[in-house]
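Participant: Sequence and predicted structure below; questions after.
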Amino acid sequence: MIIEKEAIISVPDKIRFTFAIAIVVGMSACGESTTPDPHNTAIGVSTVQEMLVPIARAKAESNRGPSSVGNTRKPLIRSNMDAYELIAVLVEELPTLSTREQVRFFRAQIQGVHGATDATHDDIGYELQLLFEPPLDARRVAEVLGVRSGYLVSNDVHQREFCIMSSTEVLQTRYDGAKRIATEFPKRGIWWVNANGLRPVGRLPKASSGASPAYPLSSYNTAIKQLIIMRARD
């Protein structure tokens, strides 16, 4: 059990752990009992375990998300981050965010990140809205979001804005190679991530999703102006 706990402690703690074990082993080699004696100040096995418990607890606490430690957690966002690094942190943290208060705590850290502005309004249907100036490269954003088979698809009836979507299924393939696909927003935990921007430049693609053309990111690109976090529907 002690050896298993060693794997989750830091280097300084390993030194203390090894020192304590060495004392226990030395005591055993000399024929001394390792059972703690209330009148004996030597370190026994149970003492080593007592020393490891707070170390492991502190390590586990530091690895937990905001849902378990609340607003006392150290900020994860640095003011010298760029917008891509901010998105990477957001993607990593989203599965741990389950309440509006936790999202607000995350939002409070965004101020000062170069090229990103928190434009969220509390009276609208999504929890977080980031604006980017200058706009971001769609392919790079898709990579940070972990989108593999990515398309640019519009949910706007006027098709003025296109967002990064993941292809989930090929619904139909026509004789000329054109295909209809099903797409969805990238999802992290209970949240959808809507990264959107301008309509891609170039000829219409041979793929479509719903009433929108579906521009494959492998062949097209665009400028991402904003990123919206919305609660996913079941």
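Facilitator: Thanks, I have the structure now.
Participant: quick one: His114 from Leu90, how far?
Facilitator: From His114 over to Leu90 the distance is 15 Å, taken as C-beta to C-beta, to the nearest Å. Using the backbone N, CA and C atoms, a C-beta is placed for each residue, glycine as well.
Participant: In terms of neighbours, single out the busier of these two.
Facilitator: Leu90 (24 against 12; other C-beta atoms under 10 Å).
Participant: Skip ahead from whichever strand or helix holds that one and say which helix or strand is next.
Facilitator: Assigned by DSSP states H and E, Leu90 falls within helix 83-93. Once the chain leaves helix 83-93, the next helix or strand it forms, by DSSP H and E, is helix 100-107.
Participant: So for that following helix, mean pLDDT?
Facilitator: Across helix 100-107, the average pLDDT comes to 80.
Participant: Please save the CA atoms from that helix in PDB.
Facilitator: Coordinates of each C-alpha in helix 100-107 appear next as PDB, following Å, rounded to 0.1, in the frame of the first residue of the first chain:
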ATOM      1  CA  ARG A 100     -23.200  29.000 -13.500                       C
ATOM      2  CA  GLU A 101     -21.100  30.100 -10.500                       C
ATOM      3  CA  GLN A 102     -18.200  27.900 -11.700                       C
ATOM      4  CA  VAL A 103     -18.500  29.400 -15.200                       C
ATOM      5  CA  ARG A 104     -18.400  32.900 -13.700                       C
ATOM      6  CA  PHE A 105     -15.300  32.100 -11.700                       C
ATOM      7  CA  PHE A 106     -13.700  31.000 -15.000                       C
ATOM      8  CA  ARG A 107     -14.900  34.100 -16.700                       C
END
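Participant: Check which element follows it along the chain.
Facilitator: strand 116-118.
Participant: Name the residues of stretch 157-176 that are buried.
Facilitator: Buried residues in stretch 157-176, counting neighbours by 16 or more other C-beta atoms under 10 Å, are found at Glu161, Phe162, Cys163, Ile164, Met165, Ser166, Ser167.
Participant: Reformat these as CSV; add pLDDT.
Facilitator: What follows is the buried residues of stretch 157-176, written out as CSV (pLDDT from 0 to 100):
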residue, pLDDT
Glu161, 94
Phe162, 97
Cys163, 97
Ile164, 98
Met165, 97
Ser166, 96
Ser167, 94
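Participant: what's the closest of these to Ser212?
Facilitator: Phe162 (7.8 Å; C-beta to C-beta).
Participant: Many thanks, I have nothing further to ask.
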